[in-house]
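Enquirer: no sequence on this one, just coordinates:
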């Protein structure tokens, strides 16, 4: 074997190793991206369940809160805005703008539900209504599932973003346009409190 052939074999081996490294990093980034998209799909399921419960809750409260129409309309408007923002985020969970809009809309919805629950405290008949109590229990359960799903999503986003920023993955992520994903975070401190749904 001549020296030229040895050099060509060594170069071919180096190119093969480099290609395998690039493919490995690319595949890992794809896997992490798919993992955070799947994690968002779990949030999406719970949010849709929540959005489905809210009209029933408002309908039940309507008969008791006849003079509080503005509050009921605010809840429905916030629910519709959150559902719309969720549709945008579900289409592309990696889009930072869509995730920020969803977080903002969810914060508004939680605030309006909080006002509804506080207002309903003044109506003893509504507090004792079995349908209302059942809906409140389901909503509480759903809120807890949303919290757990959001945490899993944020953990997946953190793993993905970390992988795409470390060397040499950052070279591959930049080359193949793996953009940063946005955490599903609630901005305002008062919105970090869980919605109170107890009539006890």
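Expert: Looks like it came in fine. Owing to the predicted nature of the structure, the values given are computational and were not obtained by experimental measurement. Residues are numbered from 1 along each chain as shown.
Enquirer: Output the contacting helices and strands for the longest helix along the chain.
Expert: The longest helix of the chain (DSSP state H) is helix 3-62. Applying 3 or more C-beta pairs under 8 Å, 6 or more residues apart in numbering; DSSP states H and E, we find helix 3-62 packed against helix 69-91, helix 96-120, helix 130-165, helix 169-175. For every residue, glycine as well, the C-beta is placed using N, CA and C.
Enquirer: Just send those back as TSV, with mean neighbour count too.
Expert: Shown next, in TSV, are these (neighbours: other C-beta atoms under 10 Å):
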stretch	mean neighbour count
helix 69-91	17
helix 96-120	19
helix 130-165	17
helix 169-175	15
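Enquirer: Minimum distance to residue 36: which of these has it?
Expert: Judged by C-beta to C-beta, the one of these that comes nearest to residue 36 is helix 130-165, at 3.8 Å.
Enquirer: In a markdown table: the helices and strands packed on helix 3-62, plus distance to residue 59.
Expert: Converted to a markdown table, the helices and strands packed on helix 3-62 look like this (distance: least, C-beta to C-beta, whole Å):
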| stretch | distance to residue 59 |
| --- | --- |
| helix 69-91 | 9 |
| helix 96-120 | 12 |
| helix 130-165 | 9 |
| helix 169-175 | 48 |
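Enquirer: Please compute how far stretch 87-99 lies from its chain's middle.
Expert: Counting by C-alpha atoms, centre = their mean, to the nearest Å, stretch 87-99 is centred 9 Å from the centre of its parent chain.
Enquirer: Columns mean pLDDT and distance to residue 62 on top of the helices and strands packed on helix 3-62, output as TSV?
Expert: Shown next, in TSV, are the helices and strands packed on helix 3-62 (pLDDT from 0 to 100; distance: least, C-beta to C-beta, whole Å):
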stretch	mean pLDDT	distance to residue 62
helix 69-91	92	6
helix 96-120	89	11
helix 130-165	91	11
helix 169-175	93	51
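Enquirer: Out of those helices, flag the one nearest residue 54.
Expert: When those are compared for distance to residue 54 using C-beta to C-beta, the nearest one is helix 69-91, at 4.6 Å.
Enquirer: what's in contact with that closest one?
Expert: With C-beta atoms under 8 Å, 6 or more residues apart in numbering as the test, helix 69-91 has contacts from 40-41, 44, 47-48, 51, 54-55, 57-58, 61-62, 65, 95, 98-99, 101-102, 104-106, 108-109, 111-113, 115-116, 119.
Enquirer: Relative to residue 22, which of the helices and strands packed on helix 3-62 is closest?
Expert: helix 169-175 (6.0 Å).
Enquirer: ok so, going back, and the average pLDDT for the longest helix of the chain is what?
Expert: Per-residue pLDDT values over helix 3-62 give a mean of 93.
Enquirer: For residue 2, which of the helices and strands packed on helix 3-62 is the nearest?
Expert: Proximity to residue 2 (C-beta to C-beta) singles out helix 169-175 among the helices and strands packed on helix 3-62, at 34.7 Å.
Enquirer: contact partners of the closest one?
Expert: Outside helix 169-175, the residues that touch it by C-beta under 8 Å, 6+ apart are 22, 25-26, 28-29, 163-165, 178.
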